[in-house]
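Student: Let's see this in three dimensions:
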Amino acid sequence: MPEKDFTPKPGAIDIFTTAIAAIIISSWPSALYNYAVNGNLSGLGAGMMIILFAILLTPFPYILIDRKFNIFKNNDNYFLIRFLVPFLYLFIAAPLGIFLEDKLPTGNFTLDLKIKSVIIAGHPEPIYIEPKNISLNEISFRSNNPSIATVNGNGIVYGVSTGQTSITVEYRGKTKDLPVNVKYIPIDEIRIKTEVVPLNSEKELILEVTPELNSDSIESINSSDEEILKITYTSIGYSIYGNNTGVANIIIKTKSGKEFTYPIKVT
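Tutor: Predicted structure coming up:
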């Protein structure tokens with residue numbers, strides 16, 4: 001007796017899996033739109049592999065194959081191959097594709113980078129990165145002129161001297177230059193809050209620096225007469241001590257070369 005031909009016919013399970021596949025495929029236009037608008041290749045390869053998995057879930061490719069090669073002899077063969085193929089693909093080919101996708105460069109630079117328009121020399125400023133969940137291990141930073149600004153592996157820029165340069169940021173094989181403008185801001189004025197010190201007593205020397213945020217620094221603070229007024233430096237700051245009655249000047253010098261003098265009276 002000749003062998004009876006078997007033609008796969010979609011059943012309830014086929015309809016159910018086709019519906020799942022349709023849901024998966026319906027999300028794909030948003031990925032294509034992202035690629036068309038932003039030129040973002042990220043996720044494109046992995047997404048195509050997921051679409052192929054969705055197609056393999058449906059009965060249609062197996063029906064077409066059977067019409068061409070007549071490989072299904074009974075329902076057992078049909079359902080075995082029908083469910084073995086897509087899930088075998090899912091657990092072997094798809095993870096491999098996602099791994100390779102991560103190694104490929106994106107079409108365009110996909111990070112949003114920002115930094116303050118002006119960086120004050122002597123002060124660190126971070127590069128703000130969006131999205132925030134990006135691992136810094138995937139990003140490298142390089143200053144194009146370290147004599148003006150330096151940058152560390154965490155994207156913290158440190159102004160060194162006045163000038164303009166750029167920080168090159170590399171992400172997945174693509175680079176972007178971020179302009180950096182560094183300004184050196186000196187101290188304009190230093191005031192002290194203490195004018196009188198009691199004899200044989202110590203007071204904290206409180207300084208008011210303008211502008212508060214500057215690139216300058218105090219190089220030295222000295223007394224014009226240590227027999228009258230002595231200045232000491234501790235881990236928490238400067239203090240003054242009245243040794244003898246009289247008037248002595250406090251002389252403050254900054255790194256930029258400015259000098260400020262204030263009289264202190266010991267009573």
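
Student: before we move on, what SS does residue 85 have?
Tutor: helix (DSSP: H, G, I helix; E, B strand; the rest coil).

Student: Wait, residue 163 touches residue 182, no?
Tutor: Yes. Counting by CB atoms under 8 Å, residue 182 is a contact partner of residue 163 at 5.8 Å. Just so you know, the C-beta spots here come from the backbone N, C-alpha and C atoms, and that holds for glycine as well.

Student: so what's in contact with those two at the same time?
Tutor: residue 148 (CB atoms under 8 Å, 6 or more residues apart in numbering).

Student: between these two, which one's more packed in?
Tutor: Neighbours were counted for residue 163 and for residue 182 using other CB atoms under 10 Å; residue 182 has more, 24 against 16.

Student: Could you pull up the contacting residues of the more buried one?
Tutor: Here residue 182 is in contact with 118-121, 148-149, 159-165 (criterion: CB under 8 Å, 6+ apart).

Student: swap in residue 250?
Tutor: Residue 250 sits in contact with 192, 205, 221-224, 229, 231, 240, 261-264, where contact means CB under 8 Å, 6+ apart.

Student: one step back: what about the contacts of residue 182, which are in strands?
Tutor: Those of these mapping onto strands are 119, 120, 149, 159, 163, 164, 165, per DSSP state E.

Student: From those, list the buried ones, please.
Tutor: With burial judged by 16 or more other CB atoms under 10 Å, the buried subset of the ones in strands among the contacts of residue 182 is 119, 120, 149, 159, 163, 165.

Student: quick one on the thing from earlier: mind putting the ones in strands among the contacts of residue 182 in TSV, pLDDT and distance to residue 213 included?
Tutor: Listed next are those as TSV, based on pLDDT from 0 to 100; distance: CB to CB, whole Å:
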residue	pLDDT	distance to residue 213
119	91	11
120	92	6
149	95	17
159	93	12
163	94	19
164	95	20
165	94	21
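
Student: I'd like the residues you listed laid out as JSON lines, including distance to residue 81.
Tutor: Compiled in JSON lines, the ones in strands among the contacts of residue 182 are given as follows (distance: CB to CB, whole Å):
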{"residue": "119", "distance to residue 81": "64"}
{"residue": "120", "distance to residue 81": "69"}
{"residue": "149", "distance to residue 81": "62"}
{"residue": "159", "distance to residue 81": "66"}
{"residue": "163", "distance to residue 81": "69"}
{"residue": "164", "distance to residue 81": "65"}
{"residue": "165", "distance to residue 81": "62"}
